[in-house]
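> Attaching a predicted model along with its sequence, questions to come.
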Amino acid sequence: MLSGRRFILPLFALLLSGCIDYGMPELEPFDRSGSDGVFILNEGNFMYGNASLSYYDIDRDECLNDIFYRANGARLGDVAQSMTIRGETGYVVVNNSGVIYAVDISTFAVKSVIRGLVSPRYIHFVDDGRAYVTDLYSGKIAVVDMSDGSISGHIDTGGHASTERMAQSGHLVFVCCWSYDDSVLAVDTESDSVVGEIRVGRQPNSIVSDRDGNIWCLCDGGTSADAVGSLWRIDPSTLQAEMAHVFGVGDAPSELCTDAGGDFLYFLNRAVWRVAVGDAFGHFPAEPLIPDIGTMYYGLGVDPQSGDIYVADAVDYVQEGTVYRYSASGVELARFRTGINPGAFCFKHVE
Amino acid sequence: MVRRFIHTVAAALLLLLPARAFAGHLSEPLDSLENVNIERIEVRGRRLMRDIGLQHSRLDTTALHDNISLSMGDILMQNANTFIKSYGRGTMATVSMRGTAPSHTQVTWNGMPLNSPMLGMVDFSLIPSYFVDEAGLYRGASSVGIASGGLGGAVTLENRPAQARGPELRFVQGVGSYMTFDEFLRFGYSGERWSTSTRVMYSRSRNDFQYTNYSKLPELEFDDAGNLTGRRYPTERNRNGDYSDLHILQELYFNTRAGDRFGLAAWYVLSSRGVPKLSTDYRDDSHTRAQQDESTLRAVASWDRIVSSVGIGAKAGYAYTDMLYRYMYDLTGTGENMVDGIRSQSYAHTAFAQAEAEYSWHDRLMASARVTANQHFVVSRDESVYGNAGEERIVGYRQARFELSTLASLRYAPIERVGLAASVRWDVYGVKCTPVVPAFFADFVLWPRLNLKLKASITRNFRYPTLNDLYFQPGGNPDLRPERGFTYDGGLSFEITAAGKRVRITGEVSAYDSYIDDWILWRPTFKGFWTPLNIRRVHAYGVESSLGLSADLGRGWQLSLNGMFSMTRSLNQGDAVTENDVSYGMQLPYIPVFTSSAVGRIEWRGWAFIYKWRYYSERYTTSSNDLTVTGVIAPYFMSDISLEKRFSWRWGRLSLRADVNNLFGEEYETVLSHPMPGRNFGFSVGISPDFGRCCRRGR
């Protein structure tokens, strides 16, 4: 009888009570202050809240996954969109959580949080005290006072519904208006106002500045069956745009990047492509730098110091993705698994 | 060989009239407020030809009308071997059967399909359990006789006319935690030939339960000296989860003396629901808000007639749904200047018609045929798209589709203990058609004394793409093929009576094996938007079991216990998407391997104590079953208790009920980043006046 009680009572208790043990995880004291590395933003799935942050230590050839949770005991949030480093702080924009985390780039610990945003996409520092944040829905660019992380104002975009990536040339910040749009805005950083609007191709999704201070803008062409993407060059002094290249029907170029010197343009279009700035008009390469090997390339980054190329395979978009590291000439150097939908890279180099 | 059974009067009539659709009107509704003592009679019963080889179960009003605050999603979660993916009360709840997707469960209401022609699934949280009088679950091949496309199974929801003659009035008021209020009113009149009933249900809730948010940054704790002493997760409330649902159901029935039965049921839904914020959302309620509004009208008229061994019937219906999803924001943060960031609107009109006929020979052979037609007209558009000059542009699609489904069945019982059945279904959708769907069923009574029966069935099945799959903008893929299924199952069931028939034990166990090819899955493209593709191949297999006990313990004590357990393996066996794909052989996301539930009820002199328990094992959120922080949703046990007292006076009946849900305050999620409420309470009062009907129920 006694043995029966021994069995039955715990079983009864198990059936009646819960078994989840939520609680504070043991926080890990990271210190990657002496190493170069790459932050990988794993976007996660929309409305899952499963975005995460990975860190690839270049010197040790080691990838640390879920570092935000391990360092802070909190999930990164829903749809990790982008990251920008300013000094010793990395600013991680989490789109559908409406938040930007300021994290220490060596310990990964959160230092502060920027809130009051609708659907933030990218952050661009105008100077040490001021940053612009674009937004998918609000139609306004938020101006953040970096002294306290507050929203000090908004830049009206004149009816454009969404704003996306930014690139600066001189005192002008050029902003893509992506969703169902075809414009690039020129924002004067001295007045925090739109001073120009440049018509480019359908859905400009990414933008960079080159060695000469020119702005390059990549348009995916939109979602219609006959859509064609295009590459544009914008002269920041005249605010005039020239179309450098038209892609074929069915193509959808994205993720425009440059190398450190601004000599080459890199982008995704099923494969990884590279074109010299001087060849973009009329001498576009016929073959990609890194061919499509059946992967689902989702994110692209170019190390500004080494020129190494990082490209992410999202696989089926509901499992951990894989990141490939290639040399500037396209030779595979490493590959490692990260989180779900690795979509953006941010490079950290020790001064 | 004829065996003796004990049946209710309704069941006896069922045996005489094998057509379920015709017999359905005669079944006996019971409810917790109004338990009716029926005089037991002994009849000589034969097998139900219609049930040969079926893996199915029924829920009557005892289970369905248990608690005013429960939706059909809640009822199925507790009383059926299914997995309910619920985002919380007042938010979407979908049903998954045998390891398949919610769109693989076909649902009918009084014979009319409820599955959205655009999405393919049904939100069970929008079906109040008090609006259903009988529910049936048909698993695997058994769904072929109900509707096409039930690769996992089918759920039937039926309304029945009141059996009591004379006027009827019933009102139930429920009050619960988080400012939750439920009101239900039913009134009607039943005469010898006419019967009418009106039901109104109104539910609203602030739904702002408190929970510990384990997703957000912990708050730091300091002692008086300013030293860091620890960290604590913030305590928050469920935000933007408020809802308000109004349902009105009107029924009208008429029986002629010549054997014709006419029925009309019209159901209107007006729902306005906030979409709860994720636990990872840092935005204030006054900053952003998402809301889903829906108005739906469904109406179905039926006629059936039984002449000798022939039963014929016809149905005609119409359904309209207007759904609006809005994502709003206010840059001022006051909540007073909300503007639309997303405004997604859809309209769906469906005209429905069905005709069926059955013929029986010598109680051992029955043939039936049914033709069902649906004509859909749908509009889907995003009204919040703006051009570069700020002008509004509309992105979406407008489509119409005709669907025709034909079914022919033959059932044969060569001897009393053996039943054989075969069905053939064939569907047309648009200008395409599915291959013929054959299904075979068999059962064999192994031990008549225990009614120990061996069942088996096998079928192949198809589900054709939804209109969103084909035409949604952007991403719709008009080249999609139908999903293909193949399933077979076998099982045992028994029924034992003992102690002078005061104790009844029933049980069932079955095993199944299924394959689905060309499973349609929405995936992002390299172009940035999502598109559906025929890419997944799934092997699902498992075991389902149930056990029930009801006992008259004497001296007024009644006991009933019902338990269920299922094991579901639903494995991806599709080709690798890329060289880095490690999902082969892994359990599909959001399909638990183990589920179990139990309900115990003990009654004594109008008192009733009910205990409910259920268990879900861990669920993966990724196709590769990654054991990361967000890759696994923890398993949980749930316990609810209720105490009910029924009073019966000359003027009528009164019931009082108190519920404690999530008795042990379990912290849990059924969907990632969607916290569920902790311990909460409900109280309800039910009143049912007696209008002096001396001849109720034939007495």
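Good, I have the coordinates.

> going forward, measure contacts and count neighbours with C-alpha atoms only.
Fine.

> For the residue in the stretch 1-150 of chain B that chain A sits nearest to, grab the count of nearby residues.
Residue nearest to chain A within the stretch 1-150 of chain B (C-alpha to the nearest C-alpha): residue B:87, separated by 11.4 Å. Applying other C-alpha atoms under 10 Å in any protein chain shown, we find 21 residues neighbouring residue B:87.

> From residue B:595, how far out is it?
Distance, residue B:87 to residue B:595, by C-alpha to C-alpha, to the nearest Å: 18 Å.

> Alongside chain B, which residues does the stretch 101-250 of chain A contribute?
Applying C-alpha under 8 Å from any C-alpha of the partner chain, one finds that the stretch 101-250 of chain A approaches chain B through A:115-118, A:137-138, A:158-161, A:180-183, A:220, A:223-224.

> try 6 Å
A:137, A:159-160, A:181, A:223 (C-alpha under 6 Å from any C-alpha of the partner chain).

> Of those residues - the most surrounded one?
Most neighbours among these, by other C-alpha under 10 Å: residue A:181, with 28 neighbours.

> any idea how far residue B:381 is from it?
Counting by C-alpha to C-alpha, the gap from residue A:181 to residue B:381 is 18 Å.

> For stretch B:262-269, output the C-alpha coordinates as PDB.
Coordinates of the C-alpha atoms in stretch B:262-269 are reproduced here as PDB (Å, rounded to 0.1, in the frame of the first residue of the first chain):
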ATOM      1  CA  PHE B 262     -38.900  21.800 -44.000                       C
ATOM      2  CA  GLY B 263     -36.200  23.700 -42.100                       C
ATOM      3  CA  LEU B 264     -34.700  27.100 -42.200                       C
ATOM      4  CA  ALA B 265     -31.800  28.400 -40.200                       C
ATOM      5  CA  ALA B 266     -30.200  31.800 -40.500                       C
ATOM      6  CA  TRP B 267     -27.200  32.900 -38.500                       C
ATOM      7  CA  TYR B 268     -25.800  36.400 -38.300                       C
ATOM      8  CA  VAL B 269     -22.500  37.300 -36.700                       C
END
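
> contacting residues around that stretch?
B:246-254, B:295-303 (C-alpha atoms under 6 Å, 6 or more residues apart in numbering or on different chains).

> Quick one: the helices in the stretch 251-351 of chain A, in order.
Taking DSSP state H, counting those that start in this stretch as the criterion, the stretch 251-351 of chain A contains no helices.

> Next to chain A, which bits of chain B? Give me the list.
Applying the criterion C-alpha under 6 Å from any C-alpha, the portion of chain B that neighbours chain A consists of B:215-217, B:280-283, B:341, B:387-388, B:390, B:474, B:527, B:578, B:581, B:622-624, B:630, B:636-637, B:666, B:672-673.

> let's go with 7 Å and repeat that
Applying C-alpha under 7 Å from any C-alpha of the partner chain, we find that chain B lies next to chain A at B:214-218, B:280-283, B:287-288, B:329, B:341, B:385-390, B:474, B:526-527, B:577-578, B:580-581, B:622-624, B:630, B:634, B:636-637, B:639, B:664, B:666, B:672-673.

> which SS class is residue B:562?
Secondary structure state of residue B:562, per DSSP: H, G, I helix; E, B strand; the rest coil, is strand.

> pLDDT score for it?
In the predicted model, residue B:562 carries a pLDDT score of 95.

> Look at it and say how many residues are nearby.
Other residues lying near residue B:562 total 19 when counted by other C-alpha under 10 Å.

> wait, what's in contact with the spatially closest residue to it that is not a sequence neighbour?
Spatial nearest neighbour of residue B:562, chain neighbours left out: residue B:548 (4.3 Å); criterion: C-alpha to C-alpha, 6 or more residues apart in numbering or on different chains. For residue B:548, the contacting residues are B:505-507, B:561-563, by C-alpha atoms under 7 Å, 6 or more residues apart in numbering or on different chains.

> Check for me that residue B:548 belongs to a helix.
No: assignment of residue B:548 by three-state DSSP gives strand, placing it outside any helix.

> Please report how far it lies from chain A.
Relative to chain A, residue B:548 is positioned 18 Å away (C-alpha to the nearest C-alpha, to the nearest Å).

> Same question for residue B:415.
In this structure, residue B:415 and chain A are 45 Å apart, going by C-alpha to the nearest C-alpha.

> do residue B:416 as well
43 Å.

> Near that residue, how many other residues are there?
16.

> Could you report the pLDDT at it?
Here the pLDDT value assigned to residue B:416 is 88.

> Then residue A:14?
At residue A:14, the pLDDT value in this model is 53.

> Buried ones from the residues of chain B next to chain A, can you make that a PyMOL selection?
Selection of buried members from these for PyMOL, criterion 16 or more other C-alpha atoms under 10 Å in any protein chain shown:
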select buried, chain B and resi 214+215+216+217+218+280+281+282+283+287+288+329+341+385+386+387+388+474+526+527+577+580+581+622+623+624+630+634+636+637+639+664+666+672+673
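
> Alright, calling it a day.
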